[in-house]
Each structure stands twice: as C-alpha cells, then as structure tokens.
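**Q** okay, sequence plus prediction incoming.
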Amino acid sequence: MNGLSHFVGQHGGMCNAWTGTEHSCFYFDVHPEFFAPALDQFANMFIEPLFSHDALSREQEAIHEEYKLKLQDDSRRIQQVHKQTSNPDHPFHKFSVGNKHTLSDLPDRPVADELFSFWHQNYQAQYMTVSIVTAEPIEMMRDLIATTFSAIKSNDPKFAKSRY
C-alpha cells in the first residue's frame, strides 16, 4: 500500500486500511483526474501483492505500536476474556491481535510465506466487494471497475466472468 499511499498523497488524497474480526477494509481518496491510475494501483495490491521485506517490516512495526497502545484498554481485555472462554471450534476464538512476536519469522514459519498463503486463500473475487463514490457517470465507472478488477483471481467458477 506504500506505493499507492505515495501516489495519492502526491495527488491530493490519502489511503488507509483497518482489519476487524471478519473483514478488512482498504480505502483511498484522490483528486478526480488521478482516480483511474490510483484505482489501477489499488487493484494491483489484490491482483499481485509484492510482500516486500521492507513493507512487511513497516507493517509489523505499525501493528506492534497499535498493540502497545491497546494494552491498557479495558474493552480489549474484556474481548480477550470472551475469546479465550469461547468455544475453541468457533471462529471467534481464533487469534485476532498481533504484535512483534506473533508477526515475526520463526525458524519453521516465515511470515511472508504465511501471508502469501493467506492472501492466496482469502483474497479472491468471491470474497471481495468494491464500493466507489464519484461524480462520474455510472456507465464510465462500471467499465473502469470491470476492466481494473477483472484480474482478481477466483477459485469459484461463478466468479470467473465479470459480475459488474
């Protein structure tokens, strides 16, 4: 997202992301005349992510800083108690908050490999939604979106054809 962040920052916008229990949300805004190239860069994060060592290191640091900020947050503590006491077979029980240790390479578990595997399994067209807010005509946006996002892979045959 660093390349996109730099691009939209240079053209009057910003981008960010957040991860919740069940969803991740990635978003950006940019000056309208730079929307199409920004959208292309955005889509390519899902089509062919780089997983560069530098980007992974920066994200690990950012996540660790967020983790440290939330250590004294009582609502986080209560949520963790609920998670720990929930049914171990239920998805709610799964890991949800990372830090430097949990997101670092281990001898038998390179983080980049795990991220690639997670991306390959979960970042597929049938699991994704794109939402665009613009003053441009819908017909133009429909074509741009279909062209830009059509390369996102899917293991579900229903999503092999455009759904725009």
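**A** Arrived safely, thanks for sending.

**Q** buried residues in whichever strand or helix holds Phe7, which are they?
**A** Per DSSP states H and E, Phe7 falls inside helix 2-10. Buried residues in helix 2-10, counted by 16 or more other CB atoms under 10 Å: 4, 7-8. The C-beta positions use only the backbone N, C-alpha and C, and glycine is treated the same way.

**Q** and for stretch 55-64?
**A** By neighbour count on 16+ other CB under 10 Å, the buried set for stretch 55-64 is 56, 59-60, 63-64.

**Q** what's the neighbour count on Glu48?
**A** 11 (other CB atoms under 10 Å).

**Q** measure it to Phe116 for me?
**A** Per CB to CB, to the nearest Å, Glu48 is found 11 Å from Phe116.

**Q** cool, and Cys15?
**A** 22 Å.

**Q** select the longest helix from the protein.
**A** helix 53-70 (DSSP state H).

**Q** now do that helix: everything it contacts.
**A** 1-2, 76, 97-100, 103-104, 111-112, 115 (CB atoms under 8 Å, 6 or more residues apart in numbering).

**Q** now do the helix holding Phe7 against helix 53-70, angle only.
**A** Helix 2-10 and helix 53-70 are oriented at 80 degrees to each other (axes from the mean of the first three to the mean of the last three CA atoms, to 10 degrees).

**Q** from now on call the first residue 39
**A** Done: numbering now begins at 39, and the last item shifts to helix 40-48.

**Q** what does helix 40-48 rub up against?
**A** Residues from elsewhere that reach helix 40-48 (CB under 8 Å, 6+ apart): 52-53, 66-68, 72, 75-76, 79-80, 83, 93, 96.
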